[in-house]
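Participant: below is the sequence, then the predicted model.
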There are 2 protein chains.
Amino acid sequence: MRAGDLTTPALLADAGVLAHNVATMSAQRPGPALRPHVKAFKCTALAGRLAGAGHTGFCCATVREVEGMAAAGLGADLLLANEVLDARRLGALVATDTARVTVAVDSPETIAAAAAGGVGEVLIDVDVGMPRCGCDPVDAGRLADEARVAGLMVRGVMGYEGHLMHDPKADRRAAAVADAMAILAAAHAEVGGDVVSGGGTGSWDSNRLVTELQAGSYVLMDGDYARMGLPFREGLVLLTTAVSVSNRGWAALDGGLKALAMDSGDPVLVGDGEVLFCSDEHTTVTGSFTVGERVGLRPAHIDPTIAKHDTIHLVDDVSAGADAEVLESWPVDLRGW
Amino acid sequence: MRAGDLTTPALLADAGVLAHNVATMSAQRPGPALRPHVKAFKCTALAGRLAGAGHTGFCCATVREVEGMAAAGLGADLLLANEVLDARRLGALVATDTARVTVAVDSPETIAAAAAGGVGEVLIDVDVGMPRCGCDPVDAGRLADEARVAGLMVRGVMGYEGHLMHDPKADRRAAAVADAMAILAAAHAEVGGDVVSGGGTGSWDSNRLVTELQAGSYVLMDGDYARMGLPFREGLVLLTTAVSVSNRGWAALDGGLKALAMDSGDPVLVGDGEVLFCSDEHTTVTGSFTVGERVGLRPAHIDPTIAKHDTIHLVDDVSAGADAEVLESWPVDLRGW
């Protein structure tokens, strides 16, 4: 089947780009040195490709992702890199012996939830500067003690330097990452355990501390990240159809903000022309198009774009547009909560 | 069940607000004078409420919405207010006799697609000033003739003045709507037919031309529209849990930009405090919270927010937060394309 035979809007992923990105990251961080973050793509078929490349421990952002990965037989070592107050679904999963589950904790309440829910293993999540989750670094050791008293195995620490990921200056970014990781190293010394988990696509080569890098976006690559000169290539395109062409100089494509994440701005048109704006089900573009022509859009942020779709179509060459061959169609099966 | 028993993030709709909004609109535009736009909520259970209020003709933005409405027994008069180049799925639906389907056309190509696909009824979509779909007004009569030659029944015209919907000054908005509708009236004179379809929540009382208003957002009301002083109330809240609270002055809620549309900006916190930013699965807020506390967020744009969820939970009083009673849980069953 050709991409042009798909109902539009359709999400296309380039098989060659995917293979290049996976190989590039695996060379830097082989096997368990990478814990791919499934939140980036929410697709067990794609996760299976990464497992095939040797990365068998995965990072998840939601309970649903953990459940889906276990159901797909990819539950060898699943980290929920997020705090939960109700760990009963995770504990039920552990009880089935289909998955090893570790959950992040950063407070007495999340420790109590892990213990009550039946999750036996935790990481102490440490605030390394990003205003989101993670305990005060000075509390890390005390929380680890509390977790052990509650009967939990403390595997180590986690700290996500997400606020530093998008600095386009590589040397400044590396220096800031090193500072953040010094905080995590100090906390680790208090906490103990084998695991130091953190980082992401933006610190793929500069984060020298973590034993496992939590990267996901590199697989198909964000427009945001792509501007930083990293060696990963953009591999995701929304294929649309020009459903209306105006003699006033624009065309309306049949994919809009329900098919494209807008938090990082408008998509970029593949080919000549410019995006004027996105509506719910349309993107209005300038340029020369004919009615019925297939037109590609590159989303600014891939993670939430994929989460708007139920299928990723793997194609041989995304730049071929409608003529690309569809190799596989993968369900986006880890959506929801 | 209480809202606090739901897995978060969870989308709550206020039953009282919904009833108020539906009644307010029905008083202005009773029965067939309103063609509710299901794109706003993508939920046949909610559409069933509107049918119960007398509005049995519906407006859709995607083929999937048309199919889903027909499958739910709500296919008495479905308008796909959008251009399609492949009408075969619509034609297959018509052939089952479960739905009356009308599709918008604005070019020889979309007329040919409707005829080839087996959709027998069309509206001529006219550009009334918004840079998106619709033919040049001077071409409307010629296209209607072409459609009739192709064997299609031309029910009338459609023109969406979406670029005028959000002007906060009511008199200026009304004047601009009148100008846009004068264009549509002239086209209608050339086209013929009984139907003049257009408008939306923002022109609910100022659009004096259309025989049927295509409004949807009014049902649960956007933040954007809410600033315009319309009589519809905001009825949608994302219920989240504070999963992490920092002594540096913020809390992380477990709903982020995968649960909230971001095209119209950040959500608004229900209660004291401010939204700092949204990540994929978190919103970081200022304010005084305890770990585990349920916190509400009002999305800026409801249409694409609902499209990120698989369920809308109807509650008795959304302002009660975790204590609200869940009356019904409705599948968001019209997602996808």
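Facilitator: Cool, the structure landed.
Participant: after the helix or strand encompassing residue A:156, next one along is what?
Facilitator: Following DSSP states H and E, one finds residue A:156 within strand A:153-159. Using DSSP H and E, the helix or strand that follows strand A:153-159 towards the C-terminus is helix A:170-191.
Participant: which parts of the stretch 151-300 of chain A are strands?
Facilitator: A:153-159, A:195-198, A:212-213, A:236-245, A:250-253, A:268-269, A:275-278, A:283-286, A:294-298 (DSSP state E, counting those that start in this stretch).
Participant: could you dump the ones you listed to a markdown table with mean pLDDT?
Facilitator: Converted to a markdown table, those look like this (pLDDT from 0 to 100):
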| stretch | mean pLDDT |
| --- | --- |
| strand A:153-159 | 98 |
| strand A:195-198 | 98 |
| strand A:212-213 | 98 |
| strand A:236-245 | 98 |
| strand A:250-253 | 98 |
| strand A:268-269 | 96 |
| strand A:275-278 | 97 |
| strand A:283-286 | 98 |
| strand A:294-298 | 97 |
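Participant: the ones you listed: which one's closest to chain B?
Facilitator: In this view, these are compared for proximity to chain B by C-beta to the nearest C-beta, and strand A:236-245 is the closest at 4.0 Å. Heads up, the C-betas are built off the backbone N, CA and C, glycines and all.
Participant: just how off-centre is the closest one within its chain?
Facilitator: Distance of strand A:236-245 from the chain centroid (C-alpha atoms, centre = their mean, to the nearest Å) equals 25 Å.
Participant: just the angle between that strand and strand A:294-298, please?
Facilitator: Regarding strand A:236-245 and strand A:294-298, their directions subtend 130 degrees when assessed with axes from the mean of the first three to the mean of the last three C-alpha atoms, to 10 degrees.
Participant: and strand A:236-245, what does it pack against?
Facilitator: strand A:10-14, strand A:250-253, strand A:294-298, helix A:302-306 (3 or more C-beta pairs under 8 Å, 6 or more residues apart in numbering or on different chains; DSSP states H and E).
Participant: can you add distance to chain B and mean neighbour count and give the ones you listed back as a markdown table?
Facilitator: Listed next are the helices and strands packed on strand A:236-245 as a markdown table, based on distance: least, C-beta to the nearest C-beta, whole Å; neighbours: other C-beta atoms under 10 Å in any protein chain shown:
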| stretch | distance to chain B | mean neighbour count |
| --- | --- | --- |
| strand A:10-14 | 8 | 24 |
| strand A:250-253 | 5 | 26 |
| strand A:294-298 | 10 | 24 |
| helix A:302-306 | 5 | 26 |
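Participant: ok so, going back, what about the strand holding residue A:156, distance to the chain center?
Facilitator: Worked out by C-alpha atoms, centre = their mean, strand A:153-159 lies 21 Å from the chain centre.
Participant: and the residue lying closest to residue A:115 once chain neighbours are set aside, what does it touch?
Facilitator: Leaving aside its sequence neighbours, residue A:115 sits nearest to residue A:150 (C-beta to C-beta, 6 or more residues apart in numbering or on different chains; 4.3 Å). Listed by C-beta atoms under 8 Å, 6 or more residues apart in numbering or on different chains, the contact partners of residue A:150 are A:111-112, A:114-115.
Participant: could you export those as CSV, including neighbour count, pLDDT and secondary structure?
Facilitator: What follows is the contacts of residue A:150, written out as CSV (neighbours: other C-beta atoms under 10 Å in any protein chain shown; pLDDT from 0 to 100; DSSP: H, G, I helix; E, B strand; the rest coil):
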residue, neighbour count, pLDDT, secondary structure
A:111, 23, 98, helix
A:112, 18, 98, helix
A:114, 29, 98, helix
A:115, 20, 98, helix
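Participant: and the furthest pair within those residues?
Facilitator: A:112 and A:114 (7.4 Å; C-beta to C-beta).
Participant: bridge partners for residue A:325, pull those for me.
Facilitator: Beta-bridge pairing of residue A:325 under DSSP bridges involves residue A:2.
Participant: make sure it is actually in contact with residue A:5.
Facilitator: No - between residue A:325 and residue A:5 there is no contact under C-beta atoms under 8 Å: 10.3 Å.
Participant: more neighbours, the two?
Facilitator: Ranked by neighbour count (other C-beta atoms under 10 Å in any protein chain shown), residue A:325 and residue A:5 place residue A:325 first, with 13 against 10.
Participant: from chain B, how far off is that one?
Facilitator: Taking C-beta to the nearest C-beta, to the nearest Å as the measure, residue A:325 falls 20 Å from chain B.
Participant: how near is that residue to residue A:179?
Facilitator: Relative to residue A:179, residue A:325 is positioned 47 Å away (C-beta to C-beta, to the nearest Å).
Participant: picking up where we left off before, could you save the strands of the stretch 151-300 of chain A as TSV and add columns showing distance to residue B:126?
Facilitator: Formatted as TSV, the strands of the stretch 151-300 of chain A follow (distance: least, C-beta to C-beta, whole Å):
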stretch	distance to residue B:126
strand A:153-159	57
strand A:195-198	56
strand A:212-213	54
strand A:236-245	11
strand A:250-253	14
strand A:268-269	26
strand A:275-278	20
strand A:283-286	16
strand A:294-298	24
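Participant: quick one: residues contacting the nearest residue to residue A:15 once chain neighbours are set aside.
Facilitator: Leaving out its chain neighbours, the residue that sits closest to residue A:15 by C-beta to C-beta, 6+ apart is residue A:314, at 5.2 Å. Contacts of residue A:314 were listed using C-beta under 8 Å, 6+ apart, and they are A:12-13, A:15, A:18, A:326-330.
Participant: so which of those is the closest to residue B:218?
Facilitator: Of the contacts of residue A:314, the one sitting nearest to residue B:218 (C-beta to C-beta) turns out to be residue A:12, at 36.1 Å.
Participant: neighbours around residue A:123, how many?
Facilitator: The burial count for residue A:123: 27, using other C-beta under 10 Å.
Participant: helices and strands around the helix or strand that contains it, which ones?
Facilitator: Assigned by DSSP H and E, residue A:123 belongs to strand A:121-125. If you count contacts as 3+ C-beta pairs under 8 Å, 6+ apart, strand A:121-125 packs onto strand A:101-105, helix A:140-149, strand A:153-159.
Participant: pick the most deeply packed of these.
Facilitator: strand A:101-105 (a mean of 29; mean count of other C-beta atoms under 10 Å in any protein chain shown).
Participant: so that one versus strand B:236-245, what angle?
Facilitator: For strand A:101-105 against strand B:236-245, the angle by the same axes, to 10 degrees is 80 degrees.
Participant: who's in contact with strand A:101-105?
Facilitator: Taking contacts as C-beta under 8 Å, 6+ apart, the residues outside strand A:101-105 that touch it are A:66, A:70, A:75, A:77-84, A:87, A:90, A:93-94, A:110-111, A:114, A:119, A:121-125, A:133, A:143, A:147, A:152, A:155, A:158.
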